[in-house]
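Undergrad: A structural model of the following input is requested.
(chains A and B)
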Amino acid sequence: MGNRKGWIFPTVLSLALVLAIAWGYNQYTFKNEYGIAMINNYQRLFSDTKKHIENVQVSLSKALVSESRDQNILLLSRIMNEAFFAQDKLAQLPLDQADIANTQKFLNQVADYSYKLIEDHLEGKKITSKQRETLFNLQNNSALFNRELASLQDEILNTQFSAKKLTSRQREKMDKANQQMYQTRMVNLEKQMAKNPELIYDGPYSDQVLNKKPLGLGTNKVTEAQAEKIARDFIGTKKVAKVTPFEAGENMSTAKIPAYTFSVVPENTPKEMAIYIAVSRTGGKVIWMANPRPVSKVNISVNQAEKKAIKFLEEKGYADMEANYSLRNDGAILFNFALKQENTTIYPDLVKVKVALDNGEIVGFDASTYLVNHHDRNIPEPQITEQKARESIRLEFDIESIRLAVIPKGAGEVLCYEFKGKYKGSDYIIYINASNGKEEQILQLIKNENGTLTL
Amino acid sequence: MPKGKPSVFFIFCIKFKFLEKIRRKTFERRIHLKKTLLVLSIASIVFLSIFTFYTPNNTFLEATKEYDYYQSPQVLYWGTTGQDVKNVQWKLRNWKYYSGNVDGVYGANTYRAVRRFQRKNGLTVDGVVGPSTASAMGLKLTEAKTATAVAPTAGINRKNDAYLLAKLIHAEARGEPYIGKVAVGATVLNRVRSPKFPNTVAGVVYQPRAFTAVDDGQMNLSPAKDSIKAANDCLNGWDPTYGCLYYWNPATATSRWIWSRKVILKKGKHWFGL
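TA: Model (predicted):
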């Protein structure tokens, strides 16, 4: 009786075994396929990075030789492109960021610097001897980079760097492999790159712009107790129940604006609804304030909100501010205020104010840009007339308003005529330099139901 | 003596019966065991064969679901207002999930009601009325307003960046206070501005080995409302880190290198530095 059914159990078991093996094999092939796809991608990125650097190097050498302005512009734009590509692809390789930071910076600055030189060329300026020297240095560095990459490539080809080292289970092995190849090479390179002198030029990635010191803070030092009082006064002493300072790190003084940060709990509110506020260590200015409370009902209009914001700014000592753009998010509206001085809008002096649309309370304030840029300016008289500036704009551009404005440019500022208008149905702002009639910048406005976005 | 014999026999009989009983019991149990084994192995075969021969494409589906979630603004969540919310509240009230007023404001009560509804109907319980929940309610949400966008600006918006940032914030700083969330987002944007890092939000977020939450896939969770709000605040320029590029958890940080960073600020469980 038992014997007759005896075959069922072993059969079932062996079937299960066969299926398990099939499943396992399937998984194994999947894993290999993914691994190969990934390693192919990395190989491609690596080879591409190398190719782009080669192109940078070659174009830099050519630019050093060339005397023709037109040729130089073409070469420089090529350098810019290739350097950006190289940077982009380098960042996608599985390397520790710490080991490629300076290399990336180098590539970004090469691109940025080329752009700056293109601008100079277009303005008719010749390359100065100093710039030539810088280019020569850059060329040297890219050569160094290329050499390291070339030997790395040889190593990779020799050792058959494989996908298996990149799975997380073999992280240790991978780290070892990395240390041996990518990492050591890159660390060497990184050390070289870190020795580079600062590049002095006007671009968004230049050290000059990155290390800009705030101008609008004043000089007097503020203690934490004084800062707390400033914070309390800013929010309104009556409402405050408890103020807790955030712990600052040892190197707070190296931050862009060294500050004290507090979390302020108003009366009759839970701890999670704290208001955050920052007060600068020099000058004792409120840098930003944020009240992340939810807003559920909309009771007031945008105009009413704007009036509240203006009143608030006046109370806090920001007179002559003018709202330019607004953006609506989650029941609150954010206004961008810029300083208005003698009929000139000064965009670098920017303050943002967020108003809750339920009761008009100010739920956000950010003066960091203002504090970095604000100083007493002597606005120069425009050298050209509005009429003259108008001539540098294409005829079909339908102008809605014209005014004078100071806009940031690199590390400095320029006085411009601001032309707001429409072209073929979309909105633009065009800035014409008020001293030479040059087109400085074009902004495109993107309007939707929530507000305006400038690009 | 003969007196005792039958008693011994009797005892023997009893013993035998008893043994027989036990034997039978174990035999039955063995059959029972066999049956369970049989059922178990059949189940495992079915399970394994599903695994082996059926490749689910739900990863793709999930991705599209997320894509829909942020590409179409007709998603209702905590804080949204309007006619669509009213419709949802009306439906939920009729079905006794919701007991508050039909006021068109997506608040705590609506949120809980939606979650109850989703649980009952086998939907993803996230308290967000997306296309699937809406269709389960028999509602159609109003289409996004696209008419305002003219050709040269069509499709240009910050939604993608905001959503990506929100996902990262959610994955990296879920349990943190609000300011900690914004701080994490702000470090990402500071990196975008720094020449030492990639120049786009996606480039920074997906840089290999930059964020653990990206490497281990937590990044693909749906972000909570708070994280989306924090992401928007970051993009609007609020930087509570004063320009920091790194943050780490001093309790769990494994990289020795990170300790060489300059510490600027300590918030929640994270340290922020340059």
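Undergrad: Name the residues linked to the nearest residue to A:Arg403 once chain neighbours are set aside by a beta bridge.
TA: With Cβ to Cβ, 6 or more residues apart in numbering or on different chains as the criterion, A:Arg403 has its nearest non-adjacent residue at 5.3 Å, and that residue is A:Glu418. Where you see a C-beta, it was placed from the backbone N, CA and C, and this is true even at glycine. A:Glu418 has these beta-bridge partners by DSSP bridges: A:Arg403, A:Tyr431.
Undergrad: What count of nearby residues applies to A:Glu418?
TA: 22 (other Cβ atoms under 10 Å in any protein chain shown).
Undergrad: Spatially, which residue comes closest to the residue in chain B that chain A sits nearest to, not counting chain neighbours?
TA: Closest contact between chain B and chain A, by Cβ to the nearest Cβ, is at B:Val263 (2.8 Å). Distances taken as Cβ to Cβ, 6+ apart place A:Gly249 nearest to B:Val263, at 2.8 Å, with adjacent residues excluded.
Undergrad: For that neighbour, give its distance to B:Phe272.
TA: 7 Å (Cβ to Cβ, to the nearest Å).
Undergrad: Those two - which one has more neighbours?
TA: A side-by-side neighbour count of A:Gly249 and B:Phe272, using other Cβ under 10 Å, places B:Phe272 first with 29 against 19.
Undergrad: Which residue, neighbours along the chain excluded, lies closest to that one?
TA: Using Cβ to Cβ, 6+ apart and skipping residues adjacent in sequence, the residue nearest B:Phe272 is B:Cys244, 4.1 Å away.
Undergrad: these two touch, right, that neighbour and B:Thr187?
TA: Yes: judged on Cβ atoms under 8 Å, B:Cys244 makes contact with B:Thr187 at a distance of 5.5 Å.
Undergrad: Which neighbours do those two have in common?
TA: B:Phe272 (Cβ atoms under 8 Å, 6 or more residues apart in numbering or on different chains).
Undergrad: Around chain B, pick out the residues from the stretch 51-200 of chain A.
TA: Contact residues (Cβ under 8 Å from any Cβ of the partner chain) of the stretch 51-200 of chain A with chain B: A:84, A:87-88, A:91-98, A:101-102, A:104-105, A:108-109, A:112, A:168.
Undergrad: so what's residue 188 scoring on pLDDT?
TA: Went with chain A since none was named. With respect to pLDDT, A:Asn188 scores 66.
Undergrad: Correction: the question concerned chain B.
TA: 92.
Undergrad: Give me the phi and psi angles of it.
TA: phi -60, psi -50 (degrees, to the nearest 10).
Undergrad: Counting neighbours, what do you get for it?
TA: B:Val188, neighbours per other Cβ under 10 Å, totals 23.
Undergrad: which ones are touching the residue of the stretch 1-150 of chain A found nearest chain B?
TA: Closest approach between the stretch 1-150 of chain A and chain B, counting by Cβ to the nearest Cβ: A:Asn108, at 3.6 Å. Remark: with contacts taken as Cβ under 8 Å, 6+ apart, A:Asn108 is in contact with A:83-84, A:87, A:205, B:195-196, B:199.
Undergrad: who in the stretch 251-400 of chain A is up against chain B?
TA: So the stretch 251-400 of chain A meets chain B at A:251-252, A:254-259, A:261, A:263, A:272, A:274, A:276, A:278, A:288, A:290, A:292, A:294-298, A:327, A:329-331, A:334, A:352, A:354, A:364, A:366, A:368-369 (Cβ under 8 Å from any Cβ).
Undergrad: Give me the buried entries from those residues.
TA: A:252, A:255-259, A:261, A:263, A:274, A:276, A:278, A:288, A:290, A:292, A:294-296, A:327, A:329-331, A:334, A:352, A:354, A:364, A:366, A:368-369 (16 or more other Cβ atoms under 10 Å in any protein chain shown).
Undergrad: so of those residues, which ones are in helices?
TA: Among those, the members found in helices (DSSP state H) are A:368-369.
Undergrad: Among the buried ones among the residues of the stretch 251-400 of chain A next to chain B, which lie within strands?
TA: Mapping these onto strands (DSSP state E) picks out A:259, A:261, A:263, A:276, A:278, A:288, A:290, A:327, A:329, A:334, A:352, A:354, A:364, A:366.
Undergrad: can you confirm A:Ala16 is in a helix?
TA: Yes: counting by DSSP: H, G, I helix; E, B strand; the rest coil, A:Ala16 is located in a helix.
Undergrad: Neighbours of it, how many?
TA: 18.
Undergrad: doesn't B:Ser44 make contact with it?
TA: Yes: between A:Ala16 and B:Ser44 a contact is recorded at 5.8 Å, counting by Cβ under 8 Å.
Undergrad: Low-confidence ranges, the stretch 51-200 of chain B, go.
TA: B:51-74, B:79, B:140-157 (pLDDT under 70).
Undergrad: again, only this time at 50
TA: The model of the stretch 51-200 of chain B has pLDDT under 50 over residues B:57-73, B:144-150.
Undergrad: repeat for chain A
TA: Using pLDDT under 50, chain A drops low at A:1, A:162-171, A:174.
Undergrad: Do you have the helices of it handy? List them.
TA: Ranges of helices within chain A are A:8-65, A:69-90, A:97-122, A:129-159, A:171-178, A:184-194, A:207-210, A:224-235, A:302-315, A:368-373, A:386-391, based on DSSP H.
Undergrad: likewise the stretch 51-200 of chain B?
TA: For the stretch 51-200 of chain B, the helices defined by DSSP state H, counting those that start in this stretch cover B:58-71, B:83-94, B:108-120, B:131-137, B:159-173, B:178-193.
Undergrad: any idea which of those is most buried?
TA: helix B:178-193 (a mean of 24; mean count of other Cβ atoms under 10 Å in any protein chain shown).
Undergrad: Map the structural domains onto the sequence of chain B.
TA: B:58-137, B:159-273 (automatic domain parsing).
Undergrad: which residues are contacting stretch A:330-337?
TA: Contacts for stretch A:330-337 (Cβ under 8 Å, 6+ apart): A:294-298, A:302, A:305-306, A:309, A:313, A:318, A:321-328, A:350-358, A:363-364, A:451, B:79, B:81, B:229, B:232, B:236.
Undergrad: How about the contacts made by A:Thr49?
TA: Contacts of A:Thr49 by Cβ under 8 Å, 6+ apart are A:86, A:89-90, A:93, A:149.
Undergrad: List the residues that contact the residue most central in space within chain B.
TA: Chain B has B:Leu221 as the residue nearest its centroid, 4.6 Å off, counting by Cα atoms, centre = their mean. The contact partners of B:Leu221, by Cβ under 8 Å, 6+ apart, come to B:167, B:170-171.
Undergrad: Ok, A:Ala231 next?
TA: A:243, A:260, A:262, A:264, A:277, A:279, A:286.
Undergrad: hmm, 7 Å instead?
TA: A:Ala231 sits next to A:243, A:262, A:264, A:277, A:279 when contact means Cβ atoms under 7 Å, 6 or more residues apart in numbering or on different chains.
Undergrad: hmm, back to that, right, so of the domains of chain B, which gets closest to A:Leu76?
TA: Of all these, domain B:159-273 sits nearest to A:Leu76, with 17.9 Å by Cβ to Cβ.
Undergrad: re earlier: ok, of the contacts of A:Ala231, which one's closest to A:Asp120?
TA: So of those, ranked by how close each gets to A:Asp120 (Cβ to Cβ), first place is A:Val279, at 41.6 Å.
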